[in-house]
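Engineer: for reference, the sequence and a predicted model appear below.
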Amino acid sequence: MRLNNLKLKGVSKGHAPFIACCVILLAGCTVGPDFQRPLPPDVDTYVAGSIPAENAPTSAPMGDAQNITEKGRIPNDWWTKLGSTKLNALIDEALNKNPTLHAAEATLRQAREIYTARSGATRYPQVDGNLSAQRQRFNPAATGQSDGAREFSLYNAGIGVRYTFDLAGGNRRALESLAAGSDYQLCQLQGARLTLTARIITTAVTQGALSMQMETLKKILASQEAQLELTRERIRLGQAEPDDASALQTQLEQTRAAMPLLRLQLQQTEHLLAVLAGRAPGAGNSPSFSLEDFILPPDLPKLVPSELVRARPDILGAEALMHAANAEYGVAVSRLYPQLNLSADIGSQALTTGALFGSGSAAWSMVSQLTQPLFNPGLPAEKRAALAAFDAAAANYQAVVLESLRNVADVLRAVENDAERLAALSAADAASQHLLNSMEHRYALGAAGYYDLLIAQEHSQQTRLALIDAQARRLINSVSFYQAMGGGFFMGNAP
């Protein structure tokens with residue numbers, strides 16, 4: 001094969017220098033703007049006003065002080081701060097078996113393989129081998145010759161090379177878009193992991209709270225049943241009215257009606273934990289949790305807004321979509337520029353297979369084609385459409401950032417108010433317990449009746465119900481804090 005036989009299809013020799021200059025000027029260029037990461041938010045705080053750096057401790061469970069600090073990053077295994085080995089084991093199992101995560105991992109692998117396939121198809125020449133055989137009948141009479149018809153076999157073997165020069169960088173922009181799509185799928189995977197982990201913890205804490213509330217409600221129910229029996233005895237003795245029993249009966253049945261609802265919620269948490277861990281609900285062996293299995297994380301590392309946009313999977317995913325849209329705009333622009341395609345074939349022809357690789361006739365060809373769109377009204381419209389898609393991705397990114405800032409602001413205020421609510425309910429629980437102890441002492445001395453003791457027991461348990469809810473809420477919002485901070489995900493450390 002000799003390069004001096006190269007001919008540009010449809011172009012005279014006089015234009016060859018001009019075309020060569022164009023190829024040199026365009027080679028290595030990448031049209032369209034290079035992607036610039038969006039600037040971080042121009043704010044340094046999440047809420048108007050101040051946030052206490054430390055919440056005041058109380059003596060109740062989950063009443064320890066929490067420090068909100070801006071030092072350090074969220075650890076990748078942040079859930080271990082809750083101090084539950086059962087929870088750690090369940091989360092490890094879920095991260096290995098949850099089908100939603102498996103789907104996200106497969107989608108990420110697909111995106112990466114598509115990038116590899118496209119990269120191999122556009123960055124390097126395509127080489128194909130071909131082998132063919134055909135049977136032909138040639139009749140010389142068709143060309144005015146007197147010889148008789150002849151039949152023969154023709155065998156061909158060869159190698160073909162194809163390559164498209166990426167003059168305007170359209171292929172490179174397309175690869176850039178696919179790489180950004182892989183980054184987006186990575187963020188989706190990490191977001192799914194973070195959501196799964198937070199959901200498991202929230203469900204486990206809810207299960208622990210429901211279990212304790214069920215036990216407390218049983219005590220309230222027993223107290224109300226005793227009050228009703230005592231009231232009926234007083235009615236029999238003429239010391240109470242029938243309406244008193246009716247009122248107590250109504251209260252008792254309302255309490256009893258709450259039991260199936262709590263039981264259903266508790267059973268649903270068991271089913272949900274099993275499914276989140278990749279098990280069937282009826283498979284059994286699901287762990288059960290109590291609030292006593294957890295400790296309150298003492299430190300909550302807070303990222304400033306400029307760090308948050310580099311740590312949350314949803315924000316980084318929106319940025320990756322914006323990057324992909326920017327690259328697609330470059331692809332649309334590249335279609336307005338010249339395209340250069342080269343192809344070459346070399347092989348051998350023979351009448352027998354034995355002569356194909358020996359004395360067969362060599363055959364080769366080389367073709368170069370340079371095309372430039374001259375009139376195609378659709379290309380400018382595609383460019384404008386790609387630009388509109390980029391504007392939409394940029395607006396979506398801003399919306400995701402704003403929503404993330406709101407999410408962090410809500411969590412910060414929730415952590416603050418949860419501590420105050422728990423402190424108040426802890427004080428109320430201590431007061432009700434003190435009242436109950438005093439009533440038990442008076443009842444033992446004969447200074448108070450049994451009915452008064454039952455009322456004090458019921459009030460104490462009612463206060464305990466609200467306290468349990470506040471304890472669980474403080475744990476759940478601590479989990480929400482870790483989730484709002486991105487769960488320790490940073491793109492640079494991603495797998």
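Structural biologist: It's in.

Engineer: spatially central residue for the chain, please.
Structural biologist: residue 191 (2.5 Å; Cα atoms, centre = their mean).

Engineer: which element is it on?
Structural biologist: Element membership for residue 191, per DSSP states H and E: helix 170-236.

Engineer: show me what that helix is packed against.
Structural biologist: helix 85-97, helix 99-123, helix 242-276, helix 313-334, helix 450-484 (3 or more Cβ pairs under 8 Å, 6 or more residues apart in numbering; DSSP states H and E). (C-beta placed from N, C-alpha, C; glycine too.)

Engineer: any chance of TSV for those helices, columns mean pLDDT, distance to residue 158 and mean neighbour count?
Structural biologist: As requested, the helices and strands packed on helix 170-236 are arranged in TSV below (pLDDT from 0 to 100; distance: least, Cβ to Cβ, whole Å; neighbours: other Cβ atoms under 10 Å):
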stretch	mean pLDDT	distance to residue 158	mean neighbour count
helix 85-97	95	51	16
helix 99-123	93	21	14
helix 242-276	91	58	15
helix 313-334	94	32	23
helix 450-484	89	61	20
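
Engineer: out of the ones you listed, nearest to residue 288?
Structural biologist: helix 242-276 (7.3 Å; Cβ to Cβ).

Engineer: mind giving me the packing neighbours of that closest one?
Structural biologist: helix 170-236.

Engineer: looking at the protein, which strand is longest?
Structural biologist: strand 150-165 (DSSP state E).

Engineer: ok so, going back, tell me which of the helices and strands packed on helix 170-236 approaches residue 299 most closely.
Structural biologist: helix 450-484 (10.3 Å).

Engineer: can you give the distance of that closest one from its chain's centre?
Structural biologist: 33 Å (Cα atoms, centre = their mean, to the nearest Å).

Engineer: for it, packing partners?
Structural biologist: helix 170-236, strand 299-301, helix 378-445.

Engineer: find the one among those with the highest mean neighbour count.
Structural biologist: Per-stretch averages of neighbours, counted by mean count of other Cβ atoms under 10 Å, single out helix 170-236 among the helices and strands packed on helix 450-484, with a mean of 20.

Engineer: tell me what angle that helix forms with helix 242-276.
Structural biologist: 150 degrees (axes from the mean of the first three to the mean of the last three Cα atoms, to 10 degrees).

Engineer: low pLDDT regions in the chain?
Structural biologist: 1-29, 53, 56, 72, 141-144, 146, 148, 359-360, 490-495 (pLDDT under 70).

Engineer: contacting residues for residue 409?
Structural biologist: Counting by Cβ atoms under 8 Å, 6 or more residues apart in numbering, residue 409 makes contact with 46-47.

Engineer: what's the separation between it and residue 305?
Structural biologist: 10 Å (Cβ to Cβ, to the nearest Å).

Engineer: what do the two both touch?
Structural biologist: residue 46.

Engineer: which residues does stretch 375-393 contact?
Structural biologist: The contact list for stretch 375-393 (Cβ under 8 Å, 6+ apart) reads 318, 321-322, 324-326, 328-329, 331-333, 335-336, 373.

Engineer: output the residues you listed as a markdown table; include the columns distance to residue 457.
Structural biologist: Shown next, in a markdown table, are the contacts of stretch 375-393 (distance: Cβ to Cβ, whole Å):
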| residue | distance to residue 457 |
| --- | --- |
| 318 | 55 |
| 321 | 59 |
| 322 | 61 |
| 324 | 64 |
| 325 | 65 |
| 326 | 68 |
| 328 | 69 |
| 329 | 71 |
| 331 | 74 |
| 332 | 75 |
| 333 | 78 |
| 335 | 80 |
| 336 | 83 |
| 373 | 87 |
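
Engineer: my read: the residue nearest to the centre of the chain touches residue 313, true?
Structural biologist: Yes. In this structure residue 191 lies within contact range of residue 313 using Cβ atoms under 8 Å: 3.9 Å.

Engineer: which helices and strands does the longest strand of the chain pack with?
Structural biologist: Contacts defined by 3+ Cβ pairs under 8 Å, 6+ apart place strand 150-165 against strand 126-138, strand 339-350, helix 353-356.

Engineer: picking that back up, turn the helices and strands packed on helix 170-236 into TSV, including distance to residue 428.
Structural biologist: Listed next are the helices and strands packed on helix 170-236 as TSV, based on distance: least, Cβ to Cβ, whole Å:
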stretch	distance to residue 428
helix 85-97	29
helix 99-123	41
helix 242-276	20
helix 313-334	39
helix 450-484	5
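
Engineer: ok, residue 477 - contacts?
Structural biologist: 411, 414-415, 418.

Engineer: sorry, back to before: quick one: closest of the helices and strands packed on helix 450-484 to residue 65.
Structural biologist: Of those, nearest to residue 65 by Cβ to Cβ is helix 378-445, at 8.3 Å.

Engineer: just want the angle from the closest one to helix 313-334.
Structural biologist: Going by the same axes, to 10 degrees, helix 378-445 makes 180 degrees with helix 313-334.

Engineer: chain center to helix 378-445: distance?
Structural biologist: Distance, stretch centre to chain centre, for helix 378-445: 20 Å (Cα atoms, centre = their mean).

Engineer: and if you look at stretch 434-450?
Structural biologist: Centroid separation for stretch 434-450 versus its chain: 57 Å, with Cα atoms, centre = their mean.

Engineer: what's the most buried one of the helices and strands packed on strand 150-165?
Structural biologist: strand 339-350 (a mean of 17).

Engineer: residue 477 and residue 412: what is the separation?
Structural biologist: Distance, residue 477 to residue 412, by Cβ to Cβ: 10 Å.

Engineer: ugh, wrong one, I meant residue 394
Structural biologist: Applying Cβ to Cβ to residue 394 and residue 412 gives a distance of 28 Å.

Engineer: also residue 234?
Structural biologist: To residue 412, residue 234 is 54 Å away according to Cβ to Cβ.

Engineer: same thing with residue 488?
Structural biologist: According to Cβ to Cβ, residue 488 stands 18 Å off from residue 412.

Engineer: got it, and residue 460?
Structural biologist: To residue 412, residue 460 is 33 Å away according to Cβ to Cβ.

Engineer: many thanks, I have nothing further to ask.
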